[in-house]
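Asker: no sequence on this one, just coordinates:
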């Protein structure tokens, strides 16, 4: 690789390079409704996607100037490092460990861990004793149980579709994931209930950029402030999450207003 190639790679994903390219590349989930998923027409939809389109509009003048790139949970950091995306908005929970390798902007969502099971029979960590637990690789659920409950055997999958199919197939009695996702999932799968609705710390979800992209990070911080103050996050909630949650969840549990 020549010097010019190294320079081009170093500049890829900076605020200036995105403006020059004219397209914002955003990593999102393709199988995590209602946050990031593909609809029946092959279009990306969801809460994260709704906000990303507005970010593209404010940055490049057109909400369509965004390229959505599907990512799996365990690949989010590597996609940023390899310049495959400019921003990760795949429901990325901010953790101390992740903040050492990527730069998080200001948060746009609140989240904790939850545990879902058939009829909600798993109501405590004690109920998991001697039983396997399903998680997604590289998620906060994976890290949390690996660190705090190493005696609980984890069944790990890459994709959300595989993870929830494993629960439905009775490969384990329970599944741990973001409580915001589980509360949405049980709406369509009423035979399951979130028996443990909140576990561990209350965390936040935020856009992330490659380490060192300070101008893009500063622009994003101002953008998140602006969108929160003008009520856009509530608009995004009403358009994408409220149809799923209904009135059973207070929006202030999920978004910053």
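Answerer: Nice, thanks for sending it over. As the structure is a prediction and not an experimental result, all values here were calculated from the model.
Asker: from now on I want contacts and neighbour counts done on CA atoms only, so please keep to that.
Answerer: Fine.
Asker: can you pull out the helices in the stretch 151-257 of the chain?
Answerer: Assigned by DSSP state H, counting those that start in this stretch, the helices in the stretch 151-257 of the chain fall at 160-168, 179-188, 214-229, 232-236, 242-245.
Asker: nearest to residue 102, of those helices?
Answerer: helix 214-229 (10.6 Å; C-alpha to C-alpha).
Asker: I'd like to know which elements that closest one is packed against.
Answerer: For helix 214-229, there is no helix or strand it packs on, judged by 3 or more C-alpha pairs under 8 Å, 6 or more residues apart in numbering; DSSP states H and E.
Asker: for the residue nearest the centre of the chain, what are its contacts?
Answerer: In the chain, the residue lying closest to the centroid (C-alpha atoms, centre = their mean) is residue 91, at 1.1 Å. Residues near residue 91 by C-alpha atoms under 8 Å, 6 or more residues apart in numbering: 28, 29, 35, 48, 205, 206.
Asker: same deal with residue 56?
Answerer: 23, 24, 62, 63, 64, 65, 66.
Asker: let's see 7 Å
Answerer: 24, 62, 63, 65, 66 (C-alpha atoms under 7 Å, 6 or more residues apart in numbering).
Asker: quick one: which of these is most hemmed in?
Answerer: With neighbours defined as other C-alpha atoms under 10 Å, the most crowded of those is residue 24; it has 27 neighbours.
Asker: now the helices: where do they sit in the stretch 1-150 of the chain?
Answerer: 3-11, 15-21, 47-60, 76-81, 96-99, 140-148.
Asker: now for those helices, which one comes closest to residue 231?
Answerer: Comparing these under C-alpha to C-alpha, the one sitting nearest is helix 47-60, at 11.9 Å.
Asker: show me how far the closest one is from its chain's centre.
Answerer: 15 Å (C-alpha atoms, centre = their mean, to the nearest Å).
Asker: can you pull the buried residues of that helix?
Answerer: Within helix 47-60, the residues that count as buried by 16 or more other C-alpha atoms under 10 Å are 47-57, 59-60.
Asker: what angle sits between that helix and helix 214-229?
Answerer: 120 degrees (axes from the mean of the first three to the mean of the last three C-alpha atoms, to 10 degrees).
Asker: heads up, I number from 230, so please use that
Answerer: Okay, using 230 as the starting number, the last item reads as helix 276-289.
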